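**Q** Generate a structure from the sequence data that follows.
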Amino acid sequence: MYPYIPNTPLDEQEMLKEIGLESIDQLFNDIPGDVLLKRELNIPESKSELEVTTYLKSLADKNCSLSELTSFLGAGAYDHYIPSVVDAIISRSEFYTSYTPYQPEISQGTLQYIFEFQTLICKLTGMDIANASLYDGGTAITEAALMACASSRKDEIIISTGVNPQARRILKTYAHAQHLKVVEVDTKDGVTDQEALEKLVSDNTAAVIVQNPNFFGIIEDLKSIGEIAHKGKKTSFIASVNPIALGLLKRPGELGVDVVVGEGQPLGISLSFGGPYLGFMATKKDYMRKLPGRIVGETTDLDGKRSFVLTLSAREQHIRREKATSNICSNQGINSLAATVYMVTLGKEGLREVATQCVKKAHYAFNELTKSGKYKPLFNKPFFNEFALVSDKDVDELNKELRKENIMGGYNLGNEYPQYKNAVLYAVTEKRTKVEIDKLASVLEGIK
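**A** Below is the predicted model:
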């Protein structure tokens, strides 16, 4: 059977001879004998390529994809429709292997779509400048916080508990290593407690971070929160946003936000069992030289033709590395291309249509699920495409019953918010149909 690693014993001997050794054991002569393992590793014997393929397929078959399930799960990653043109373009060989423009002058195609991505993100957020890009929404929040601390030379970060719990954990991990202080401000009735925030903000506050719509799906009052944040001296107001929601909501740049970040997965990127995803960041010009990640600029070449370059590259590792503002060294090329194709394909009206359908279908689902009184709203606030319900039923048990009907239920809020026992967060995107929503309501209503 053809081996998975096709080195023959003769190949091994030739390689050993080339480096002047007689056995593989001699490669490890420098390791003290008392720390060497004196037995075989407790792992299965090597397998052939066919056996490995069969085994991996058996593991993959244990996964259940969204082609089999109707998903009402969101909490940061969403089942949106992806136009076929997105995969068609990013699957072309010249794009599929694109990574990062270490030799930018000969990477004009890559630089152009990064430039277009930046331009679209600026238009979407109402900000002056965007990068391309960051690993995901969580690291985008963290990088924005670090940038605010570096810019203000202060070490305190205030973040709302309405921000995605995973992002808050990432921030705390980075902050610990940087000797920065992270202070959480609680939510009240599902939104950031502005009275509590006002007491926390001081001249030592580098950044105030909120999410909109927040983790509970509720629309935050960015304008009012921004006014509170800016009472601190040189305090940056950072908002993490759902890019689809910006098809309807006022742009953060018009509401006093200094830095806009977010998870780009809804912009034509597959769920892919959790990644890879795309973090975006857009800021005011004031932060231009502190912005992590690459910035592509437009110029003209010696012949006067439109061309693209990496600009302000002191932030990067491969040029003047001692002045790099971050350890981000990948532009998430294939994902930023997918997001660009998605946004260009939909256009302004298309994005507004997607957002409108999300809102209308989510509110229809909310009304259907709550009309009997068995499931009650956890909060009474305006929401986008996610909403939280509470009942006397255990959420995990509810989801088990839904799974029997090929429905992926909502997110158990009790996992991250112990005060919200038996509370579940449902997400509804433009993909969900009336039939699917009605089935969800029927199955939930029938659970004893």
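
**Q** mind checking the longest strand of the chain?
**A** strand 205-212 (DSSP state E).

**Q** Pull out the buried residues from the helix or strand following it.
**A** Remark: after strand 205-212, the chain's next helix or strand is helix 222-229, criterion DSSP states H and E. By 16 or more other C-beta atoms under 10 Å, the buried positions in helix 222-229 come out as 222, 225, 226, 228, 229. (C-beta placed from N, C-alpha, C; glycine too.)

**Q** circling back: now for the longest strand of the chain, which elements pack on it?
**A** Contacts defined by 3 or more C-beta pairs under 8 Å, 6 or more residues apart in numbering; DSSP states H and E place strand 205-212 against helix 137-152, strand 156-160, helix 222-229, strand 236-241.

**Q** What residues of the least confident helix or strand in the chain by mean pLDDT count as buried?
**A** In the chain, the helix or strand scored least confidently by mean pLDDT, DSSP states H and E is helix 93-96, which has a mean of 80. Neighbour counts using 16+ other C-beta under 10 Å place residue 95 of helix 93-96 among the buried residues.

**Q** Kindly report the same for stretch 334-354.
**A** In stretch 334-354, counting by 16+ other C-beta under 10 Å, buried: 334-346, 351, 354.

**Q** Give me the contacts around it.
**A** 80-83, 85-86, 89-90, 95-96, 98, 113-114, 116-117, 120, 124, 132-133, 244, 246-248, 264, 267-269, 276-278, 280, 430 (C-beta atoms under 8 Å, 6 or more residues apart in numbering).

**Q** Buried ones only from the residues you listed, please, as a PyMOL command.
**A** This is how PyMOL selects the buried members of the contacts of stretch 334-354, with burial counted by 16+ other C-beta under 10 Å:
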select buried, resi 80+82+86+89+90+95+98+113+114+116+117+120+124+132+133+244+246+247+264+267+268+269+277+278+280+430
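
**Q** Now intersect the contacts of stretch 334-354 with the helices, please.
**A** When DSSP state H defines the helices, the subset of these inside them is 85, 86, 89, 90, 95, 96, 113, 114, 116, 117, 120, 124.

**Q** pLDDT check: weakest of those residues?
**A** Among these, residue 96 carries the lowest pLDDT, at 73.

**Q** Report the rounded mean pLDDT for the top helix by length along the chain.
**A** Looking across the chain with DSSP H, the single longest helix is helix 333-370. Throughout helix 333-370, pLDDT has a mean value of 97.

**Q** Next secondary structure after it?
**A** That would be, after helix 333-370 and using DSSP H and E, strand 376-377.

**Q** Could you name the helices and strands sitting against that next one?
**A** Packed next to strand 376-377, using 3+ C-beta pairs under 8 Å, 6+ apart, are helix 333-370, strand 386-390.

**Q** Direction included, what does the last one pair against?
**A** So the one you mean is strand 386-390. With DSSP bridges as the criterion, the sheet partners recorded for strand 386-390 are strand 376-377 (antiparallel), strand 423-427 (antiparallel).

**Q** Can you dump the C-alpha atoms of the very next helix or strand once past it in PDB for me?
**A** Using DSSP H and E, the helix or strand that follows strand 386-390 towards the C-terminus is helix 395-404. What follows is helix 395-404, C-alpha atoms only, in PDB (Å, rounded to 0.1, in the frame of the first residue of the first chain):
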ATOM      1  CA  VAL A 395     -31.400  25.600  27.200                       C
ATOM      2  CA  ASP A 396     -29.200  22.600  26.500                       C
ATOM      3  CA  GLU A 397     -32.200  20.300  26.700                       C
ATOM      4  CA  LEU A 398     -34.100  22.600  24.400                       C
ATOM      5  CA  ASN A 399     -31.300  22.400  21.800                       C
ATOM      6  CA  LYS A 400     -31.200  18.700  22.100                       C
ATOM      7  CA  GLU A 401     -34.900  18.500  21.200                       C
ATOM      8  CA  LEU A 402     -34.400  20.900  18.300                       C
ATOM      9  CA  ARG A 403     -31.500  18.900  17.000                       C
ATOM     10  CA  LYS A 404     -33.800  15.900  16.600                       C
END
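
**Q** What residues of helix 395-404 count as buried?
**A** 395, 398, 399, 401, 402.

**Q** got the angle between it and strand 386-390?
**A** Between helix 395-404 and strand 386-390, the angle comes out at 120 degrees (axes from the mean of the first three to the mean of the last three C-alpha atoms, to 10 degrees).

**Q** returning to that earlier point: looking at the buried residues of stretch 334-354, which is nearest residue 312?
**A** residue 336 (18.0 Å; C-beta to C-beta).

**Q** Quick check: the closest one vs residue 257, distance?
**A** Distance from residue 336 to residue 257, counting by C-beta to C-beta, to the nearest Å: 22 Å.

**Q** can you list the weak-confidence ranges in the stretch 301-448 of the chain?
**A** Within the stretch 301-448 of the chain, the stretches with pLDDT under 70 are 314-325, 327-331.

**Q** please redo it, this time with the cut-off set to 80
**A** Low-confidence segments of the stretch 301-448 of the chain (pLDDT under 80): 312-332.

**Q** same thing with the stretch 51-200 of the chain?
**A** Across the stretch 51-200 of the chain (using pLDDT under 80), the flagged ranges come out as 96-106.

**Q** What lies in contact with the helix or strand that residue 309 is a member of?
**A** Using DSSP H and E, residue 309 sits in strand 306-310. With C-beta under 8 Å, 6+ apart as the test, strand 306-310 has contacts from 101, 104-105, 108, 111-112, 114-115, 294-301, 316.

**Q** Among the residues you listed, which ones are in strands?
**A** Reading strands off the contacts of strand 306-310 with DSSP E, I get 296, 297, 298, 299, 300.

**Q** quick one: which of those has the most company?
**A** In terms of neighbours by other C-beta atoms under 10 Å, those top out with residue 296 at 25 neighbours.

**Q** show me the contacts for that one.
**A** 111, 114, 115, 118, 132, 308, 309, 310, 311.

**Q** Relative to residue 334, how far out is it?
**A** 16 Å.

**Q** Then residue 160?
**A** From residue 160 to residue 334 the distance is 32 Å (C-beta to C-beta).

**Q** do the same with residue 271
**A** With C-beta to C-beta as the criterion, residue 271 and residue 334 are 15 Å apart.

**Q** One more: residue 26?
**A** Residue 26 is 43 Å from residue 334, by C-beta to C-beta.

**Q** Same check on residue 199?
**A** From residue 199 to residue 334 the distance is 45 Å (C-beta to C-beta).

**Q** can you give me how far the strand or helix carrying residue 262 is from the chain middle?
**A** Here residue 262 sits within strand 259-263, counting by DSSP H and E. Strand 259-263 sits 10 Å away from the centroid of its parent chain (C-alpha atoms, centre = their mean, to the nearest Å).

**Q** And stretch 181-198, by the same measure?
**A** 23 Å.

**Q** Ok, stretch 152-160 next?
**A** With C-alpha atoms, centre = their mean, you get 22 Å for stretch 152-160.
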